[in-house]
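**Q** Sequence first, predicted model second:
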2 protein chains.
Amino acid sequence: MVTTAPARQALSSLSGFPEWLPAGRVIEQYFLDTLRRTFELHGFSGIETRAVEPVSQLTKKGETSKEVYLLSRLQADPAETESADPAKQLGLHFDLTVPFARYVLDNAGLLTFPFKRYQIQKVWRGERPQEGRFREFNQADIDIVGDGALALHHDVDVPLVMHEALSRLPIPPVTIHLSNRKVAQGFYQSLGVADANLIEVLRVVDKLDKIGPEAVATELVSVVGTTQAQARAALDLSAVTGSDPQEVSARVLAALDGAQPTGLLTEGLEELTVVLTAAARRRPGAIIADLKIARGLDYYTGTVYESFMAGHEDLGSVCSGGRYDSLASNGKRTFPGVGISIGVSRLLSRVMAAGLLDVTRAVPTAVLVAVTDEEHRGASDAVADTLRARGVPADVAPSAARFGKQIRYADRRGIPFVWFPGGEGEQDSVKDIRSGEQVEADAATWEPADPADLAPRLLAPGDQGDTRRGA
Amino acid sequence: MVTTAPARQALSSLSGFPEWLPAGRVIEQYFLDTLRRTFELHGFSGIETRAVEPVSQLTKKGETSKEVYLLSRLQADPAETESADPAKQLGLHFDLTVPFARYVLDNAGLLTFPFKRYQIQKVWRGERPQEGRFREFNQADIDIVGDGALALHHDVDVPLVMHEALSRLPIPPVTIHLSNRKVAQGFYQSLGVADANLIEVLRVVDKLDKIGPEAVATELVSVVGTTQAQARAALDLSAVTGSDPQEVSARVLAALDGAQPTGLLTEGLEELTVVLTAAARRRPGAIIADLKIARGLDYYTGTVYESFMAGHEDLGSVCSGGRYDSLASNGKRTFPGVGISIGVSRLLSRVMAAGLLDVTRAVPTAVLVAVTDEEHRGASDAVADTLRARGVPADVAPSAARFGKQIRYADRRGIPFVWFPGGEGEQDSVKDIRSGEQVEADAATWEPADPADLAPRLLAPGDQGDTRRGA
């Protein structure tokens, strides 16, 4: 007996706006709670920002403007609409970095720096429906922000915290891939590629997985105008990966093929070395250098992170981030920051679709208290209230049907225990409907033999989970 | 030492979109966690619905249409905009009832009934800015929904669960006020007031607190067209309040002044009696009948709830709800429901503005691990990781400044303990910076003397909270 709850997605009439059935929500909540718990263990304060920002704020970087949802009031006064100040036009935030930077500036005088915050909220992107992408999803971010300066060691903290959180989830292992804007920019400087061409070079290198090295080299020469040697060096740089900082640095320098490293390249390699060294000591295997990373190097100014889930590399990076020399600035003060962000809904959707997860039950209820007859409902309510006061989630049968039907009510929901009030002078009893075992019990003292039965439990494939002895 | 964190609201440049500083968010999170925990103890499943619904769905009840925020894509194709099907126009939900009813219909075949769900989410209302109302706020709802039928005893469960949750919060006591649409409608029927005039009568009676009984009586006669006797009876009904069901019923019948009660009135009084009787047994003092309630009687079909916080009656009802004979229907199946909803942000904003709450610290961190010098940062990281693995939230000092400065870093954040790694062959030590007491310690076994120090703690006014012995 006791069936596990299928963690199916709910039926939603709007594509791109995912909803979960209760079982799926149990899993999502477990993910969100685990992230929150890990972030708090590392001293990150939770904040939430409003869902809306002025569009002028959201579209500072032109390339994201197409993804913004604008807001208008259904019954706005015509005067209000006509005189609408575009600077006051509101849109839904599409990430948590833009709102966080604004929050830091708004409250700079009230926060203490370095400020470590986590933020777990919905974000919205006005993607075209046919692309099948999420238009609403949960995102979880951690950032550390300094006032004026921010020590490099924080670049190690941020990915390790996220890695620790992900390692607590029942998903395949995730590896964080590391690069550094200074390494890339310094490398191309050293080769004699003009800084003005850097973004174009990175744009082409970013196609490596899609079009292959030959096509990348061709495009670097024909479109960007690099030399053959520069194109070959770009491919050599992209092939550098590993967790030993000395070896990584040596290979990057070797890829220069004799060219002299600039100061920027040296500085970048030093930063990469510091992060890799500390990471290897604190969480061996969590982080590897991967100089192929090109995305994000146009806006991050130092360390850059991407990360991949074993067996699900096709999903792309599951969490990404990096360092900004200036996450926010008000002219007088500059706030550097380093952070990493995970798209929880996308990750969850993948592991659920792959059938990687199930849950013992879709309800929080551990005990269903049976009702003998409607006149004695009060006795069942009293049992349930006693159990709840002791932290045992309990429900009372909705009708005084025959006991077989009440047990079936529990079984259909995966509730493991059914409680039978004893009536006048009789002892209560409780039945584990998975094993069929029934014992006398007192609501003021009873506890399940396995405390894990108090809450729904996640099951990986093949996991027996609730040990269905009587199944 | 160790200052408490002021739970101030953050500076937000948009009125109506509240944000909290980290200390305020600790309090908000405590409220939300307490609600969730209580709802789960009672067997309610958590769900979330998407933030958007088709506008046609949101505006089914015309009177709310003015509050809806519409969505449009910033860079929508002109073709897309011109051919826009108004039925597909999306808006942000303004409550959680409309989306829940839609969710029940979408997933009727996949849910088990009666379905008990809680939902804690942001909602949005396009209020005019100058009204100073919230345009974005957290709402928490519980509902129980049946398939075809739903037993009356659920009308008791719902307000008692909410009352239990509120009683766990450090706020003044809340009392739930109860009325019933059938009592009101049946009462006016019995007096000979036409059903067609019921809504108008209720609209006028709803002004009682604002304009007083004399003006209400006058308006009932002059605007609605009741007789003087009917108007007087309406005032008599409005004066009925109390927790004894027999007395309440007797006073309602007495207010008829000799008129014969209709079947609907009798049915309504029976329902009121069942709810009051069970409530008095399970949570004495939680619920009183209050026949003055007129709001909501136009859409609820039976039991109606409002609730007031002692000393803050001017805030109006802090949570409200009631029963719908048809919460949702798809033509073939009808789903009755009963629920109650609380505007968390409004409640929180009031108790925080009233200075009723403070918090021991704004960060989750219990221990700051000091750094002797940057070369030994790894030793401090190791201590922090050991503490975290044992559930102790820990942070590492951002710089190896002199210890006095590192202690001040902890003090400014309200972190109670500072840990000093011992160096070669020396024992570590930990200092309670509130008392100044410093003892030798091992990260693998240390625990704070008071386990409550592991997390930020809410303080009511006058509460010493963190026992500042050394202050």
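**A** Arrived safely.

**Q** where along the stretch 1-150 of chain A do the helices fall?
**A** A:22-41, A:55-58, A:78-82, A:97-106 (DSSP state H, counting those that start in this stretch).

**Q** The ones you listed: lowest mean pLDDT?
**A** Mean pLDDT is lowest for helix A:78-82 among the helices of the stretch 1-150 of chain A, at a mean of 57.

**Q** what does the stretch 151-300 of chain A have sitting close to chain B?
**A** A:151, A:153-154, A:278, A:281-282 (C-beta under 8 Å from any C-beta of the partner chain). Backbone N, C-alpha and C define where each C-beta goes, glycine included.

**Q** Buried ones only from those residues, please, as a PyMOL command.
**A** Applying 16 or more other C-beta atoms under 10 Å in any protein chain shown to these, the buried members can be selected in PyMOL as follows:
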select buried, chain A and resi 151+153+154+278+282
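
**Q** which of the residues of the stretch 151-300 of chain A next to chain B are the two that sit furthest away from each other?
**A** The span of those, defined through C-beta to C-beta, is set by A:Ala151 and A:Arg281 at 17.0 Å.

**Q** can you give me the strands for the stretch 301-450 of chain A?
**A** Counting by DSSP state E, counting those that start in this stretch, the stretch 301-450 of chain A has strands at residues A:303-309, A:319-329, A:334-343, A:358-359, A:367-369, A:394-396, A:417-420, A:428-432, A:438-441.

**Q** got the buried residues for the last one?
**A** For strand A:438-441, the buried set under the neighbour-count rule, 16+ other C-beta under 10 Å, comprises A:Ala441.

**Q** Name every sheet partner of the helix or strand that comes right after that strand and say whether each one runs parallel or antiparallel.
**A** Downstream of strand A:438-441, the next assigned helix or strand under DSSP states H and E is strand A:458-459. Strand A:458-459 sits in its sheet next to strand A:358-359 (antiparallel), going by DSSP bridges.

**Q** where does the partner strand sit relative to the chain's centre, distance-wise?
**A** Centroid displacement of strand A:358-359 relative to its chain, using C-alpha atoms, centre = their mean, to the nearest Å, is 19 Å.

**Q** Equivalent analysis for stretch A:434-448, please.
**A** 39 Å.

**Q** And chain B, is that stretch touching that?
**A** No: using C-beta under 8 Å from any C-beta, stretch A:434-448 stays clear of chain B, with a minimum separation of 13.6 Å.

**Q** what sits up against the helix or strand harbouring A:Arg281?
**A** A:Arg281 belongs to helix A:263-282 when assigned by DSSP H and E. Residues from elsewhere that reach helix A:263-282, judged by C-beta atoms under 8 Å, 6 or more residues apart in numbering or on different chains: A:152-153, A:155-156, A:159-160, A:178-187, A:189-190, A:243-246, A:248-249, A:252-253, A:261, A:286-287, A:289, A:302-303, B:378, B:381-382, B:385.

**Q** Looking at those residues, which are in strands?
**A** Using DSSP state E, the subset of the contacts of helix A:263-282 located in strands is A:178-180, A:287, A:289, A:303.

**Q** could you dump those residues to JSON lines with neighbour count, pLDDT and distance to B:Leu269?
**A** Below are these laid out as JSON lines (neighbours: other C-beta atoms under 10 Å in any protein chain shown; pLDDT from 0 to 100; distance: C-beta to C-beta, whole Å):
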{"residue": "A:Leu178", "neighbour count": "29", "pLDDT": "97", "distance to B:Leu269": "72"}
{"residue": "A:Ser179", "neighbour count": "28", "pLDDT": "97", "distance to B:Leu269": "74"}
{"residue": "A:Asn180", "neighbour count": "30", "pLDDT": "97", "distance to B:Leu269": "75"}
{"residue": "A:Ile287", "neighbour count": "24", "pLDDT": "98", "distance to B:Leu269": "70"}
{"residue": "A:Ala289", "neighbour count": "28", "pLDDT": "98", "distance to B:Leu269": "76"}
{"residue": "A:Thr303", "neighbour count": "27", "pLDDT": "98", "distance to B:Leu269": "71"}
